[in-house]
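Asks: Sharing a model prediction with you, sequence too.
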Amino acid sequence: MWQEKDCFCLRLKRAAEELMKTYQEALAPSGVTPVQHIILGRIHACKGASLCEVAEAVGVERSTLARTIKPLIKEGYVVDAKPARTRNSRLLLTEKGEAVFQEAHRLWEQEQDKVASGLGTSGEKTFSDFLQLMGRVSA
């Protein structure tokens with residue numbers, strides 16, 4: 001018989017919170033959060049992406065991204081270079097944003113290496129397979 005302590009959902013939630021905390025601590029010197037790093041990375045890769053494109057890539061609603069990106073614009077990391085009289089955003093990193101992204105990415109890669117090392121090769125594959133399965137189940 002299953003007990004509450006065996007709940008996969010609760011255990012995964014707690015593990016996700018702990019993992020997020022380690023990434024937050026690792027990226028703290030860059031001044032951005034893990035989610036902001038992902039957003040900056042998407043804008044870096046797409047060069048001129050719309051808000052919708054970035055939201056889809058990051059896996060959040062457009063309205064959520066609009067709120068999340070405001071501090072990045074305020075800090076001068078991102079600009080919206082949309083043409084006049086159009087609604088379609090064209091997000092770009094500023095020089096400052098590019099520098100912050102590169103620093104955050106370096107720190108992120110170091111944390112990725114630590115997590116992968118802790119999992120070991122077989123654990124990393126099992127974890128990746130599990131996450132891929134969960135993505136298909138929830139879709």
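Replies: Thanks, I have the structure now. Numbers count the residues shown, from 1 in each chain.

Asks: From now on I want contacts and neighbour counts done on CA atoms only, so please keep to that.
Replies: Will do.

Asks: measure residue 61 to residue 51 for me?
Replies: 10 Å (Cα to Cα, to the nearest Å).

Asks: again but with residue 57, I slipped
Replies: 10 Å.

Asks: Of these two, give the one with the bigger neighbour count.
Replies: residue 51 (21 against 13; other Cα atoms under 10 Å).

Asks: Go ahead and report the secondary structure state at the closest residue to the more buried one other than its chain neighbours.
Replies: Excluding the flanking residues, the one nearest residue 51 by Cα to Cα, 6 or more residues apart in numbering is residue 89, at 5.9 Å. Local secondary structure at residue 89 is given as coil here, using DSSP: H, G, I helix; E, B strand; the rest coil.

Asks: What are the boundaries of the strands in the protein?
Replies: In the chain, strands defined by DSSP state E lie at 78-80, 91-93, listed in chain order.

Asks: who are the neighbours of the first one, in terms of helices and strands?
Replies: Counting by 3 or more Cα pairs under 8 Å, 6 or more residues apart in numbering; DSSP states H and E, the packing neighbours recorded for strand 78-80 are strand 91-93.

Asks: quick one on the thing from earlier: ranking the strands of the chain by burial, who's on top?
Replies: strand 91-93 (a mean of 25; mean count of other Cα atoms under 10 Å).

Asks: returning to what we had before: dump the residue contacts of the residue nearest to residue 51.
Replies: 49-51, 80-82 (Cα atoms under 8 Å, 6 or more residues apart in numbering).
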